[in-house]
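Visitor: I'd like to go over a predicted model; first the sequence, then the structure.
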Amino acid sequence: MSGGAAVAVLLSVLFAALTSPLWLARAVPVWDALDLSYPVTTYVSDALREGRFPMWDPYSGAGEPFHADPTRMVLNPVLLVLGRVLPDPFLTFVLVWLLHWWWGAMGMVWLSRRFGASAPGALLAAGSFALCGFFVSNAEHTSYIFVAGWLPWILGLADRAVARRSAASALLAAAALGVCALGGGYPPLVAFTGFAVALWLALRFVAFPEDVSASRRTLALWTGGTLAAMAIVLVVAWAPVLHAFLTAGSAVASRLSATSAEEAIWGQPFTLRAATSLWFPFATLFFMKTGVPMGADVSMTNAYMGFAAVPLAATWAWIAFRERRKAWLVAFAVVMVLVSLGGRGGVRIALHYLVPGLQYMRFNAGFRLFWLLPVCLAAGLGLGLVVERERARRVFLVAVLAWAALGVLAAAVLLLWLRASGVAIALGLPSLFLPVAFAAPAVAGCAALALRRPKLAGALLAVVSCADVAAGMYVNDATVWNRNTAPLRPYLAAHVRSDPGAGAPRRRYLESVTGTFNWHLLVKKPVLRTYTSFAHTELDGNLYRTRFAEVLCGPLRFWLAPGGEVPASRERALAELAAAGAGDPLPVFVEGSTSRAPRVVPGAYGAVEVEVYRPEEVVLRAVVPAPEGGVLASVERWAPGWKVLVDGRPAAPLRTNLHFRGVFLEPGPHRVVWRYEPELWWPLVGGSVATLALVTLAAAALALRARRRAAGN
């Protein structure tokens, strides 16, 4: 077994052991992972096992286009497979989540080995990265984890494409970025990954080229070609979810617009207080628990990589600069640090206008992922130098002592400041100074041992570093899991799947009856006021909070009215709807109506029976009194993808009462079928999947041909 394979196996075993409380169901995820992502993956799994694709969610608000949120993973290949195969939705979510996390560890093993790291160096680099503060504190944000899991592969394959002039690697880098986007990676981070790749390649091969076997022009051409291939594949691969987001999503929501420039540029930066996490991973949780303002969400304030990572990276940088090599990696990390500072770093201001997608990102500290990776990579490379070179060993010893001194100074300042602020410091001890209290002496001992037994010291240093970050994860396990599984059990027991032959829809509730954000998707109880990506100010800020909520939660979702009417204005329509409650004659405002029909109480005119009520299909039987005809109105959310058939023939859907759907019916009995079928979704999905498959197959064919040529020579 090769050194890289051995490291991958060892790290996989370590990761499986560390996360065993999750996949053994002895702990549950926390915060957004539990409240948002788990119900979403459950809804996807349920839909697949029901034999349908999850396009529409009838349980949130008055319904919403489920597929139009790019973070809902409806096209994630891992979820599509596990969701269809595994009967346990909780295990499905945990495995989807952890497999992407583990994939990041494996990518870092490969990336560090590709840059020449020894096996212990690869173990240190991958362990420090996969268990760093970004993964641990952002464990709740599964879409962030997906990007972090793919990042080493994307950067490494793009780097290899230019370094080796390999079209196969360029295509694989493009496919990796496309799968990351399609699979539910957080869109602003996916977009920023494209910028990060461009900066990485430009610094390495154009600004600070080290390859003397190719001209700078050749390297620049390969850099441009690789980036072009990645951009093209990304656009095609991402097209289904982006198109759904920009059409179906924006058509029914008012909160999909970009954040303000001020919020995007200055929002939630990586702060000086958050920098204390470089020594003390528990500091940010301690601040949160004691009410100390951090300037950012607690998930954005942890950057722990283990005590040895920074001194090793500094050692590598010192030697590299003295030998005039690899300055590009330091420059890359510095730029990314400045970006994570938000507007204070300056770079983020320019990027806001230059990189599409960053207008939606208000968590600037999230960009620390892009400097944590190069620091961990440099640390792995630095370990190799410490083992191989006497000068590096001496530099490392000095770096460890200096880093320890800075840590002591940071601890002293932290304690004095907390004491002056009146914070009960004892509440945070001893966790506040763990695991660095044990890691620092161990790393210092390894640095001293390296002067006499470098190989032994290198192996011990890799083991100590992995134990260090593993302990850091357990110190901060409150951002990953909750060992109290009792609150989860009733909801697991209450989990139901949609009845594919259901008749009348289930009763709607005004407020959540589950107590958490998206758990209504798990128990299939329709809720009006809940967390959703598709909130609209007129619905959530007005109608849901007025008497009209009685209609939204009433027993009749569909009713007949003699006709529609045109409101005097949108404001007037909202006012009249807000004033109408259960038992009142209701208006039926129809865009483009030319007459005003009398208003009726729902159920008093004609008859409507729900024959089938499925998420993406509703079948109704309606009897319209003669000779007037009328409008089949509803309190089901309108969206551009809804199609309607009346007696088997296509009819024109009507947008009624501003936000709901209806259709005009002639007098007599009718069978009305509503189906949610966005026109471009499946063609775009087909193009996306076909492109990724063809790109991957082409890369494999090119790699095989190159190997045969090399063998022939």
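Guide: Yes, it's here.
Visitor: When you work out contacts or count neighbours from here on, use the C-alpha atoms and nothing else.
Guide: OK.
Visitor: Just the buried residues of the helix or strand that contains Arg709, please?
Guide: Using DSSP states H and E, Arg709 maps to helix 681-712. Judged by neighbour count using 16 or more other C-alpha atoms under 10 Å, the buried positions of helix 681-712 are 681, 684-685, 687-689, 691-692, 695-696, 698-700, 702-703.
Visitor: Phi, psi for Phe660 please.
Guide: Dihedral pair for Phe660: phi -120, psi 170, per degrees, to the nearest 10.
Visitor: hey, where'd the helices end up in the stretch 101-250 of the chain?
Guide: 119-130, 133-137, 142-163, 167-182, 187-201, 216-244, 250-252 (DSSP state H, counting those that start in this stretch).
Visitor: Determine which stretch of these is the most buried.
Guide: helix 119-130 (a mean of 31; mean count of other C-alpha atoms under 10 Å).
Visitor: quick one: contacts of it?
Guide: 3-4, 7-8, 11, 101-102, 104-110, 112-113, 305-306, 309, 372-373, 376-384, 458-459, 461-463, 465-466, 469 (C-alpha atoms under 8 Å, 6 or more residues apart in numbering).
Visitor: And for stretch 437-447, what's in contact with it?
Guide: 306-308, 393, 396-397, 400-401, 404, 457-458, 460-461, 464-465, 468.
Visitor: what's the farthest-apart pair in those residues?
Guide: The span of the contacts of stretch 437-447, defined through C-alpha to C-alpha, is set by Arg393 and Asp468 at 20.7 Å.
Visitor: Looking at the record's assignment, how would you partition this structure?
Guide: If you go by automatic domain parsing, the domain ranges for the chain are 3-30+69-482, 509-676.
Visitor: Any chance of those domains in a markdown table with mean pLDDT as columns?
Guide: Output for the domains of the chain, formatted as a markdown table (pLDDT from 0 to 100):
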| stretch | mean pLDDT |
| --- | --- |
| domain 3-30+69-482 | 94 |
| domain 509-676 | 91 |
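Visitor: Of the ones you listed, give the one that comes closest to Asp57.
Guide: The nearest among the domains of the chain, by C-alpha to C-alpha, is domain 509-676 at 6.1 Å.
Visitor: Provide a list of residues in contact with the closest residue to Phe245 other than its chain neighbours.
Guide: Leaving aside its sequence neighbours, Phe245 sits nearest to Ala68 (C-alpha to C-alpha, 6 or more residues apart in numbering; 4.5 Å). Going by C-alpha under 8 Å, 6+ apart, Ala68 touches 241-245, 248-249.
Visitor: Tell me where the stretch 1-150 of the chain has strands.
Guide: 28-29, 56-57, 64-65 (DSSP state E, counting those that start in this stretch).
Visitor: can you list contacts of the last one?
Guide: Spelled out, that is strand 64-65. 55-58, 248-249, 252, 534, 637, 639.
Visitor: now the residues you listed in CSV, with distance to Pro587?
Guide: Shown next, in CSV, are the contacts of strand 64-65 (distance: C-alpha to C-alpha, whole Å):
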residue, distance to Pro587
Met55, 30
Trp56, 27
Asp57, 26
Pro58, 23
Ala248, 26
Gly249, 26
Val252, 21
Phe534, 25
Arg637, 16
Ala639, 20
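Visitor: From the residues you listed, pick the one nearest Ala549.
Guide: Closest to Ala549, out of all of the contacts of strand 64-65 and judged by C-alpha to C-alpha, is Arg637, at 13.8 Å.
Visitor: Once you drop chain neighbours, what's closest to that closest one?
Guide: Phe660 (4.5 Å).
Visitor: Quick check: the gap between the one you found and Tyr360.
Guide: In this view, Phe660 and Tyr360 are 28 Å apart by C-alpha to C-alpha, to the nearest Å.
Visitor: Tell me the bridge partners for Arg590.
Guide: Not Arg; residue 590 is Val. Thr656 (DSSP bridges).
Visitor: how close does it sit to Trp153?
Guide: Taking C-alpha to C-alpha, one finds Val590 at 52 Å from Trp153.
Visitor: Thr301 is in contact with Thr284, correct?
Guide: Yes. Applying C-alpha atoms under 8 Å, one finds Thr284 in contact with Thr301, separated by 6.1 Å.
Visitor: quick one: contacts of stretch 35-55?
Guide: Residues contacting stretch 35-55 (C-alpha under 8 Å, 6+ apart): 65-67, 72-74, 79-80, 82-84, 89-90, 92-93, 142, 497-498, 500, 516-522, 615-616, 676.
Visitor: Which ChimeraX command selects the buried ones in the contacts of stretch 437-447?
Guide: Buried residues within the contacts of stretch 437-447, by 16+ other C-alpha under 10 Å, are selected in ChimeraX with:
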select :306,307,308,393,396,397,400,401,404,457,458,460,461,464,465,468
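Visitor: Tell me which of the contacts of stretch 437-447 fall in strands.
Guide: Among the contacts of stretch 437-447, DSSP state E puts none in strands.
Visitor: could you flag which of the contacts of stretch 35-55 are buried?
Guide: 65-67, 72-74, 79-80, 82-84, 89-90, 92-93, 142, 497-498, 517-522, 615-616, 676.
Visitor: Where do the helices of the stretch 551-700 of the chain begin and end?
Guide: Using DSSP H, counting those that start in this stretch, helices in the stretch 551-700 of the chain cover 570-579, 681-712.
Visitor: err, the stretch 301-450 of the chain, not the other one
Guide: Using DSSP H, counting those that start in this stretch, helices in the stretch 301-450 of the chain cover 309-322, 327-340, 347-354, 369-388, 390-420, 436-449.
Visitor: Determine which of these approaches Gly149 most closely.
Guide: Short answer: helix 369-388, nearest of the helices of the stretch 301-450 of the chain by C-alpha to C-alpha, at 10.7 Å.
Visitor: That closest one relative to helix 436-449, how many degrees between them?
Guide: 40 degrees (axes from the mean of the first three to the mean of the last three C-alpha atoms, to 10 degrees).
Visitor: Show me which positions of helix 369-388 end up buried.
Guide: Going by 16+ other C-alpha under 10 Å, helix 369-388 has these buried residues: 369-387.
Visitor: tell me what that helix is packed against?
Guide: helix 89-114, helix 119-130, helix 309-322, helix 327-340, helix 390-420, helix 454-475 (3 or more C-alpha pairs under 8 Å, 6 or more residues apart in numbering; DSSP states H and E).
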